[in-house]
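Novice: give me the fold of what follows.
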Amino acid sequence: MTGPGDREREDAAQGAAAPSGGFRKGAFGVSGSGDTSGFGGLVRVEPGGAVALHSTERPYGGYFDEVTDALVEAVGEETYAAAVPRVLVDRGEITYFVVREHLPVLLQALRDDEALRFELLSSLSGVDYLESGGPEVTPGRPRLHVAYHLTSMTYRRRIRLEVAVTAEDPHVPSATGVYPTADWQERETFDMFGIVFDGHPALTRILMPDDWDGFPQRKDYPLGGVPVEYHDATIPPPDTRRAYR
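Specialist: So this is what the prediction gives:
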């Protein structure tokens, strides 16, 4: 009988971490050193070097067109055109890419309009698309994204909003005035990604110490070699860790 550790060792012995046919096994591309990440059996498609930058043409399908029409009517065609430069439908989900200055207006309409009624912000999280091939802007690329998953309990619908900012100007209006559930979610996103939510009532770190240097879930943050506060210890990089046996 074999366990997860045996599978990881077999994969490593067979060079399973090396890309083959556009796929890679393991989380860090390591072979022969004992992957301790817990993802040794993971198989993922090798990234193509770019995120999707196109906009889906209408009709979007399903209830997406009805939601879009209601949102346009709620905020006005001019505001919608300025606020939503791109809409993407992929894998059965719709994402509205929103210009940050217009985010509060859209959130208010999505929650309160009778035809929309997205009463629940079920999730708010950060993403870092470092080296993703995103569009170049001045002074930098909008690599930091905030994803908002909204749920309409009235109509049983779900949509997604996404706001992108640069690492040099990582400011986004807080959603707490419309969705109080954003409070701790914005604090965690600030703590991990360094995205500043303007207007948040108490934007402080929630996981790391207040004086921690850096934002651990940014892609340029080191995976290992990070000093810790106990006994002058250092967390080694994942490709140098030994598997427990």
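Novice: please, which helix or strand holds residue 211?
Specialist: In the assignment (DSSP states H and E), residue 211 maps to no helix and no strand.
Novice: which parts of this structure are strands?
Specialist: With strands called from DSSP state E, the chain shows them at 23-25, 43-45, 86-90, 93-97, 120-128, 144-152, 157-165, 171-173, 196-198, 226-227, 234-235.
Novice: could I get the ones you listed as CSV with mean neighbour count, mean pLDDT and distance to residue 216?
Specialist: Heads up, the C-betas are built off the backbone N, CA and C, glycines and all. CSV is the format used below for the strands of the chain (neighbours: other C-beta atoms under 10 Å; pLDDT from 0 to 100; distance: least, C-beta to C-beta, whole Å):
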stretch, mean neighbour count, mean pLDDT, distance to residue 216
strand 23-25, 18, 53, 23
strand 43-45, 11, 57, 21
strand 86-90, 15, 94, 28
strand 93-97, 19, 96, 25
strand 120-128, 18, 96, 11
strand 144-152, 21, 97, 14
strand 157-165, 19, 96, 18
strand 171-173, 19, 98, 19
strand 196-198, 16, 98, 16
strand 226-227, 12, 69, 9
strand 234-235, 12, 74, 11
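Novice: of all these, which one is nearest residue 210?
Specialist: strand 196-198 (15.3 Å; C-beta to C-beta).
Novice: partners of the closest one in the sheet?
Specialist: As defined by DSSP bridges, the strand partners of strand 196-198 come to strand 171-173 (parallel).
Novice: is it possible to get a markdown table of the strands of the chain that adds distance to residue 54?
Specialist: As requested, those are arranged in a markdown table below (distance: least, C-beta to C-beta, whole Å):
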| stretch | distance to residue 54 |
| --- | --- |
| strand 23-25 | 25 |
| strand 43-45 | 19 |
| strand 86-90 | 7 |
| strand 93-97 | 11 |
| strand 120-128 | 18 |
| strand 144-152 | 16 |
| strand 157-165 | 14 |
| strand 171-173 | 24 |
| strand 196-198 | 29 |
| strand 226-227 | 38 |
| strand 234-235 | 40 |
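Novice: what's the closest of those strands to residue 71?
Specialist: Here strand 93-97 is closest among the strands of the chain (C-beta to C-beta), at 7.9 Å.
Novice: for that closest one, packing partners?
Specialist: Helices and strands touching strand 93-97, by 3 or more C-beta pairs under 8 Å, 6 or more residues apart in numbering; DSSP states H and E, are helix 64-75, strand 86-90, strand 157-165.
Novice: cutoff 10 Å now
Specialist: Judged by 3 or more C-beta pairs under 10 Å, 6 or more residues apart in numbering; DSSP states H and E, strand 93-97 is in contact with helix 64-75, helix 77-83, strand 86-90, strand 144-152, strand 157-165.
Novice: now these as TSV including distance to residue 171?
Specialist: Listed next are the helices and strands packed on strand 93-97 as TSV, based on distance: least, C-beta to C-beta, whole Å:
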stretch	distance to residue 171
helix 64-75	22
helix 77-83	17
strand 86-90	20
strand 144-152	10
strand 157-165	7
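Novice: wait, which of the ones you listed is closest to residue 104?
Specialist: Judged by C-beta to C-beta, the one of those that comes nearest to residue 104 is helix 77-83, at 10.2 Å.
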